[in-house]
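[1] Sequence and predicted structure, then a few things I'm wondering about:
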Amino acid sequence: MKVTDVTCHILQSKVEQPFVSARGWVYSTRSSCVVEISTDEGITGWGECYGPAAVNKALIETQYKPRVIGKDPFDVEVVWEDLYNRIKDYGAQGFSITALSGIDIALWDIMGRAVNKPIHKLLGGAHRKEVQAYATGLYFIDMDRLVEEAVEEAEKYAAMGFRAIKMKIGLGDPKLDVRRVAAVRKAIGPDIKLAVDANHCFTVPQAIRLGRAMEELDLLWFEEPISPEDHEGYLEVTRSLDMAVAGGENDFTRWGFRDIIAKKAMDIVQPDLCAAGGISECRKIAAMASAHGVECVPHAWGSAIGLAATVQFLAALPDTPPAFRPMPPMLEYEQTPNPLRDHLAKEPIVQTNGIVPVRDAPGIGIEVDRAILQQYKVA
């Protein structure tokens, strides 16, 4: 089998209700670069790239596509190393890796479809037949009702059956952050897990002070408290708090995670399959984390393709640590409006009472609806 073509689709949809995170960016559209790889045996694989779609498309078409055409998809690790070595002198992280991630996922999808097996079988088998999903949401929308809207949204997710929720913090007023988190904790009760995500908006001292103020609220983890470049700062925050500290969605490849994991600068690492290097690289990151006793809970943000690939990857991750009643890694199931997540797959991935089944269909486990692809395609 040989690759005959690599096609990038830029998909975009408007967001009816714009939302804001601690970074201050207003999310008014959802977009993605979807990678379609064709073969001479008629098998097509799908992947997705994290981040600005037009940049990923340009990188793939100018740097990667000519080197992938003609290759055997089953040589996925060989292809990965070839592409990485092509750009490592000037792009060992960031967009060059997010673009590479989309290609890698698509090649894994082809392999699964070629042997009629889901990707988790190619990774060594599934440790679980279903994954627990946590709802990501509670962004900032109505600046006059920040506490009330967070409570209302959290109660909605609890009513949907989610047993874990992740909310945004980083409002510039630590007391308001604490009051908002405390109100959500009170509303959902002690039995629903609650995590917070600051989108790296704090300094080290700010993160430590705020973390200590939130410790009594029984939080699952404190995500991205500080800038992703500051690994030493992460070490300081992690060692200063009794709650778990998580991060890594803005780190790339095994080399980017090596020192974080070895130093235990984070309790939980969160590589994104569509950003950190695809399935090939994330399995290495997860193995490194397991060897050092660090949890791996992948970040997920994008279309049905990235979500489906993440479910397959999570199925193949062992419990860390193994236990009589383990805490398996959870699936991030973000709840902001996104037709690319909800409609791109002919059979959408859905949660029921906070549980998502692991599919046994070939490859990533979904079929892309080409009518929806064309509906949202802008380039």
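    Alright, I've got the coordinates.
[2] Looking at the chain, which helix is longest?
    The residue-count maximum for a helix in the chain (DSSP state H) belongs to helix 95-115.
[3] Figure out the helix or strand that A213 lives in.
    helix 204-214 (DSSP states H and E).
[4] Give the next helix or strand downstream of that helix.
    Heading C-terminal from helix 204-214 (DSSP H and E), you reach strand 222-223.
[5] who's in contact with that next one?
    With Cβ atoms under 8 Å, 6 or more residues apart in numbering as the contact definition, strand 222-223 has outside contacts at 166, 195-198, 207, 211, 214, 237, 241, 243-247, 270. Using the backbone N, CA and C atoms, a C-beta is placed for each residue, glycine as well.
[6] same question for it, mean pLDDT?
    Mean pLDDT, strand 222-223: 98.
[7] Ok, stretch 340-352 next?
    Computed over stretch 340-352, the average pLDDT equals 96.
[8] Would you mind listing the buried residues in that stretch?
    Buried residues in stretch 340-352, counting neighbours by 16 or more other Cβ atoms under 10 Å, are found at L340, R341, H343, L344, A345, I349, Q351.
[9] Just put those residues in TSV and tack on distance to D191.
    Shown next, in TSV, are those (distance: Cβ to Cβ, whole Å):
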residue	distance to D191
L340	32
R341	27
H343	33
L344	34
A345	31
I349	25
Q351	18
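[10] of those residues, closest to A182?
    Q351 (26.4 Å; Cβ to Cβ).
[11] elements contacting the helix holding A213?
    Helices and strands touching helix 204-214, by 3 or more Cβ pairs under 8 Å, 6 or more residues apart in numbering; DSSP states H and E, are helix 174-188, strand 222-223, helix 231-240.
[12] I'd like the next helix or strand past the longest one.
    Moving toward the C-terminus from helix 174-188, the next helix or strand (DSSP H and E) is strand 193-197.
[13] do the same with the last one
    Using DSSP H and E, the helix or strand that follows helix 231-240 in sequence is strand 245-247.
[14] Is it correct that E224 is in contact with E249?
    Yes: counting by Cβ atoms under 8 Å, E249 is a contact partner of E224 at 7.1 Å.
[15] neighbour count winner among those two?
    Counted by other Cβ atoms under 10 Å, E224 and E249 do not tie: E224 has more neighbours, with 27 against 23.
[16] Ignoring the adjacent residues along the chain, who's closest to that one?
    Spatial nearest neighbour of E224, chain neighbours left out: H200 (4.5 Å); criterion: Cβ to Cβ, 6 or more residues apart in numbering.
[17] how about the one you found, what does it touch?
    Contacts of H200 by Cβ under 8 Å, 6+ apart are A22, R23, E224, P225, I226, S227, P228, G247, N250.
[18] filter the residues you listed to the buried ones?
    Buried subset of these (neighbour count, 16+ other Cβ under 10 Å): A22, E224, P225, I226, S227, P228, G247, N250.
[19] returning to what we had before: mind checking what secondary structure the residue nearest to E224 has?
    At H200 the chain is in coil, as set by DSSP: H, G, I helix; E, B strand; the rest coil.
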